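Colleague: Next input, structure requested:
(2 chains)
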Amino acid sequence: MSVEAALSTLGLCKRYGAFQAVAELSLGVRAGELYALLGPNGAGKTTTIKMLMGVLQPSGGSARICGLDCFARRHEVMRHVGYLPDEPVFYDYLRGREILRFVGEMHGLSPGEIRTRAGEWTAPFGLDEALEEYAVNYSRGMKKKLALVCALLHEPEVLILDEPTNGLDPHATRLLHELMRRQSAAGHTVFFSTHLLDQAERLCHRVGILYQGRLAAEGTLEELRARRAAGGTLEEIFFSVTGGEQEVDEPPASAPAGSAGA
Amino acid sequence: MSLSNPPTDLRALRLVVSLGARRWLNRFSSRALARRRKKGAKERQATPRKRALSGVFLCSMGVLFVLMGVVMAWQLVGRVVALGTPAELVSRNLYRSLERAKDRGLGPGALEGEERERLREQIEDDLRNFSDERRSQAELEQESAALVAHYERHGLRGFASEKPELGDEISWPEGEAQVPAVRTFGALYLVLVAMVVLSNLGTANQDLGRVEWSFEWLHSLPARAETLFRAKLLEYALLNPMLWLTALPLSSALYLARGLGWSALPLAFCAAAYLSLIAAALQLLAETWLRMHVRGLKNLQALFTVAGSILFILFLWLVNSPRLPGAVASLGPRFLPTLNPLSLPAEIARAAGAGWAALVGALMVISALLFSTVAVYACARFVRSGLVSATGTLQGARALAGAAERRPSERRPLLRGALGKDLHLLLRDRNFLVQTLVVPLLMVGLQLTMNRGLLAAVATNFHHAATLAFAVGAYMLIFSAAGILSVEGNALWLLFTLPHPLHRVLVSKALMWACIAGLYTAAALTVALALNEDPQPGNAIDVLAALAGVPIFAFIAAGLGAIATDPLEQEVQRRVAPSTLYLYMLLASMYAYAIYTPSPWAKFVQALLSALLALALWQKLRDRIPYLLDPTEAPPARLSLSDGMLAALAFFTAQGVVSLMLVQAELPRGMLLFVSFALAGLTVTLGSLVLLRRARVRGLMETIGLRRTPDAAQGTLAGNLALGLLAGGGASVVGLVYLYVLSRLPELPSWMQSSSPLEGLGRADMPVFFLLAVLAAPLFEEYLFRGLLFRGMQRSLGTGRAIVASAALFAVVHPPVSALPVFALGLAAAAAFQRGGLLLAPILAHASYNAIVVGAQLLAAP
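Modeller: Numbering: from 1, shown residues only, chains lettered A, B, ... in the order given. Next comes the predicted model:
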């Protein structure tokens, strides 16, 4: 892939009625980069991701993946993208294995290919036995793992993950982080949203902090530290950007020790 | 120390109920309020949902349904009331003849010879023409003589009409004679409640084995289980449209016939409320017990669906059959005790004094309380040990019992991709399987066995058989094809992540259902052909019409269903609006009627119109697909085929309405035609332009051809003129040749023989008619057919096919005798329009064609 950005947005906006969910968002992610989109609840992270997936039409601006417009040419873009939603929902009466086969067939893979590629991922994630069970009976973490395997089947150049570790147990979380690093090393782009600041700090190359629909800060950790002149951790940078530096009142005496609010 | 201080039971009940009410209110008012709030309001109001079909449409359908119900119920009451009396049940026409006889003064008592014979002949005629059964001449004479004798004995009171009209009087019988009527209605109520309970258990519930998330959430609040169940009972009782919409008209008609006057309506309301409370109690009890004590509920649910459908057919048959068989009418009352809880609303109608009424009223109150209390307490007891009997979640790597033995079945699936997934889901979901594949067979089978006349009609009249075959296929499509989008449910996001245009996935689904329904129709047609005693070549047209109708209606059902589906709707039951079902059934019955009529032209016209309707629906759907999961954005307005079709429909309706209004003015025929045409055309043209401009369709004027685009490809004014004249000239040549060929034929084929527009016009009308043909008709018709319809089709069909299709549509709205040259004119005009770009071209083409061809006909006419 050339120096052209694998994933980019230009002036991306989204309005729900009178409410501006995302305003003038412009960012670019190069191939092989790990980009974390941070932000408090309701900042517009999921809306941005849905616009990248072509599910929502931007009210203004554009989003491009591999040079193709995400909304106008959604089905061509989807060949290059693997998506993990925040709360995956699957069909009632299909087994996990059948869902994998369906997704693989829709991407044009042969049954043998599907079996091999899925097999690479289901064993480490512990899904092998669960694949025989109806997906409607999975817990939230199992559904996320299944959705992740679906996203990886066709070896996409761009991975878009919405709160990827939300609901995964520690084993799976570590596995996922390794996977993200390996994908990035292989030249694939990984774009993910999260509000787990320590994980983002350890993992990503660049960070974008979304606040009230706008990109309040962007860049590598070093750049952010230099610009903000704040303390070293991402947490402190985040608070200074999102104005969350509030003093917490002393907890009442009856509360158990160590229950500091954040 | 927790602050929670749970309220009393009554207050908790009130809170839960008002929560439900507030949800309803918010749902319906979010749209209206969102517009009224001032801009810049601090708080963010709920995003109004895009609505596919307006609330006005739904309300009017509901009112229509209730009115139809009242009419049908009134007819039923008339028939049932006659059961205990010596009244003879006769057809409506026969009853009218007897009414006329009574008005003439032929009262009860012996009639004179000549009058008697005349009356007997009239009765014989009515029996022959308006009766279902076929009788021989001897039987007719015998029966009519018996009926005359009956009339002499009892007068008009000895007869009752099978289909009484709302104005007709129904005399409530006295004393013991009213018992059969009351008992029959009691049995009817029983069937109704059983049907509603079974249907709700089978089809309305998403999954019998699962608890609604809202119910589970309410259980986490400090309210007693009894209170929550009481609230659920109220919800089931109030939100039961099937029961309310059936019981209300039925009871109102019954009480009105009984002579209760204005108090009939509130009483009917009480009766319906009572029945729905009992039905709700039974449903709640059954649901909770089944969920707690039974495994494998999906199969059971399928059984409920089947049972509910059978009862539904039985109920419909009982209500509609002209002669309620005496056996059924007496069987019911024999096996039911008089005062069983479900028959109490019918017992109110019994005129047996105030004491009886008080007794019945008290019993109703007692049984209502009994049913609800038992249901609530029993349910609370069932869930004592937990709301759900077994957890369904697979936690982590915990192996299920028996999972190790279950070998992964690596069978090759029948179909790959999206179709394979849908088939898989169909086969697994037994309830859906039964609803889709089995119930249509059931409907037809039961109809054929119960209605012996139908079987005979199907065997002798092939039109009948082909209509039935089509109806089977069309019925099968109602649940299957209409659900192509709603069956995706909340997993629609998965389809958005795949590298296929969603439109193509939906088309392939519709095609699959068309094939499956086509199998049903083909099988029915084969049986019909085998049974056919008298095969004719004309039968092939019927076969073709029935088979062609299936894919057309598959796409209509799929289009309607997909457009009416709101993928963002959380509650699964509310996903597809039921009004689309009624619209679909209306359209399908129009097509079925076209198969039934012998004229092949009618079949062709209906097929073409239905196909264009399917195209219009899918065009709208295709526009919407990228915005399916977007809560606020809607597709930009573009000129669509549906706009043109609505405008054409409005034009023809307006013509009829205006000419009706002008009948008073007593104009000469030619003038009448001209004025109504011109007025209708003007209104529709201006009206449609205004509406389209309001919808902010981009480039409207240029598309329609009323304004030149700055594009160099547009012809000049002179160029358009030339193109128009050329096209008109070419088409006129075809027209003149056609006229010449026709004049050489000995006689016209039967299907072409219909009234020519020139009929009924005198010499004086000719100039006005000529004006109409050359000035008004080209102007408005070209705007409609080329400006709106051709352009609307063009963006989906491509230019070539759009030219042919718009010309075909143009041809079918003209009388069949002129279809061919008019088709040629349509082709030429559309081509000229495409080339020139202004409406001037086709208008001139049409005008010149009319001038030449109509002028030739006028000159040639004597």
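Colleague: For the rest of this, base every contact and every neighbour count on C-alpha atoms.
Modeller: Will do.
Colleague: in the stretch 151-262 of chain A, which spans are strands?
Modeller: Using DSSP state E, counting those that start in this stretch, the strands assigned to the stretch 151-262 of chain A run over residues A:158-162, A:189-193, A:206-211, A:214-219.
Colleague: Nearest to B:Ser372 among these would be which one?
Modeller: strand A:158-162 (47.7 Å; C-alpha to C-alpha).
Colleague: and the closest one, what other elements does it pack with?
Modeller: helix A:45-52, strand A:81-84, strand A:189-193 (3 or more C-alpha pairs under 8 Å, 6 or more residues apart in numbering or on different chains; DSSP states H and E).
Colleague: try 7 Å
Modeller: strand A:81-84, strand A:189-193 (3 or more C-alpha pairs under 7 Å, 6 or more residues apart in numbering or on different chains; DSSP states H and E).
Colleague: What lies in contact with that strand?
Modeller: Residues from elsewhere that reach strand A:158-162 (C-alpha atoms under 7 Å, 6 or more residues apart in numbering or on different chains): A:46, A:80-86, A:188-193.
Colleague: C-terminal to the host helix or strand of B:Ala680, what's the next element?
Modeller: Here B:Ala680, judged by DSSP states H and E, is contained in helix B:669-694. Once the chain leaves helix B:669-694, the next helix or strand it forms, by DSSP H and E, is helix B:700-704.
Colleague: Compute the mean per-residue pLDDT across the following helix or strand past that next one, please.
Modeller: Counting by DSSP H and E, the element after helix B:700-704 in chain order, helix or strand, is helix B:717-744. On average, the pLDDT along helix B:717-744 is 86.
Colleague: So for helix B:717-744, what gets flagged as buried?
Modeller: B:719-736, B:739 (16 or more other C-alpha atoms under 10 Å in any protein chain shown).
Colleague: give me every residue that touches the nearest residue to B:Ala845 once chain neighbours are set aside.
Modeller: Take B:Ala845 and drop its neighbours on the chain: the residue closest to it by C-alpha to C-alpha, 6 or more residues apart in numbering or on different chains is B:Gly728, 3.8 Å away. Applying C-alpha under 7 Å, 6+ apart to B:Gly728 gives the contacts B:844-846, B:848-849.
Colleague: how about 10 Å then?
Modeller: Counting by C-alpha atoms under 10 Å, 6 or more residues apart in numbering or on different chains, B:Gly728 touches B:722, B:734, B:824-826, B:828-829, B:832, B:841-852.
Colleague: Could you do B:Val306 as well?
Modeller: For B:Val306, counting by C-alpha under 10 Å, 6+ apart, the contacting residues are B:198-199, B:202-203, B:300, B:312, B:431, B:434-435, B:438-439, B:442.
Colleague: start to end distance for stretch B:832-848?
Modeller: 13 Å (C-alpha to C-alpha, to the nearest Å).
Colleague: Actually, stretch B:83-101.
Modeller: Termini of stretch B:83-101 sit 24 Å apart (C-alpha to C-alpha).
Colleague: Out of the contacts of B:Val306, which sit inside helices?
Modeller: B:198-199, B:300, B:312, B:431, B:439, B:442 (DSSP state H).
Colleague: Could I get the buried residue list for the helix holding B:Ala680?
Modeller: B:669-682, B:684-685, B:688, B:692.
Colleague: In which helix or strand does A:Cys13 reside?
Modeller: strand A:7-16.
Colleague: filter the contacts of strand A:158-162 by proximity to chain B?
Modeller: Residues of the contacts of strand A:158-162 in contact with chain B (C-alpha under 10 Å from any C-alpha of the partner chain): A:80-85.
Colleague: Any chance of these in JSON lines with neighbour count and pLDDT as columns?
Modeller: Listed next are these as JSON lines, based on neighbours: other C-alpha atoms under 10 Å in any protein chain shown; pLDDT from 0 to 100:
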{"residue": "A:His80", "neighbour count": "18", "pLDDT": "91"}
{"residue": "A:Val81", "neighbour count": "25", "pLDDT": "93"}
{"residue": "A:Gly82", "neighbour count": "25", "pLDDT": "93"}
{"residue": "A:Tyr83", "neighbour count": "25", "pLDDT": "94"}
{"residue": "A:Leu84", "neighbour count": "24", "pLDDT": "94"}
{"residue": "A:Pro85", "neighbour count": "20", "pLDDT": "93"}
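Colleague: hmm, back to that, can you tell which of the strands of the stretch 151-262 of chain A is closest to B:Phe470?
Modeller: Nearest to B:Phe470, of the strands of the stretch 151-262 of chain A and by C-alpha to C-alpha, is strand A:158-162 at 48.4 Å.
Colleague: Show the subsequent helix or strand relative to the strand holding A:Cys13.
Modeller: Next element after strand A:7-16 (DSSP H and E): strand A:19-29.
Colleague: pretty sure B:Val319 contacts B:Leu76?
Modeller: Yes - if you go by C-alpha atoms under 10 Å, B:Val319 and B:Leu76 touch, sitting 5.9 Å apart.
Colleague: Between these two, which contacts overlap?
Modeller: In contact with both B:Val319 and B:Leu76: B:Leu250, using C-alpha under 10 Å, 6+ apart.
Colleague: between those two, who's got more neighbours?
Modeller: Taking neighbours as other C-alpha atoms under 10 Å in any protein chain shown, B:Val319 and B:Leu76 compare with B:Leu76 leading, 24 against 20.
Colleague: which element is that one on?
Modeller: helix B:55-81.
Colleague: what packs against that helix?
Modeller: strand B:88-90, strand B:159-161, helix B:179-199, helix B:241-258, helix B:297-320, helix B:579-596 (3 or more C-alpha pairs under 10 Å, 6 or more residues apart in numbering or on different chains; DSSP states H and E).
Colleague: Same list as before, these that is, but in CSV and with distance to A:Phe102 and mean pLDDT included.
Modeller: Shown next, in CSV, are those (distance: least, C-alpha to C-alpha, whole Å; pLDDT from 0 to 100):
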stretch, distance to A:Phe102, mean pLDDT
strand B:88-90, 62, 75
strand B:159-161, 61, 76
helix B:179-199, 33, 85
helix B:241-258, 38, 86
helix B:297-320, 24, 80
helix B:579-596, 31, 85
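Colleague: Output these in a markdown table; the columns should cover distance to B:Leu267.
Modeller: Output for these, formatted as a markdown table (distance: least, C-alpha to C-alpha, whole Å):
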| stretch | distance to B:Leu267 |
| --- | --- |
| strand B:88-90 | 29 |
| strand B:159-161 | 26 |
| helix B:179-199 | 15 |
| helix B:241-258 | 8 |
| helix B:297-320 | 21 |
| helix B:579-596 | 29 |
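Colleague: Since that was my last question, I'll sign off now.
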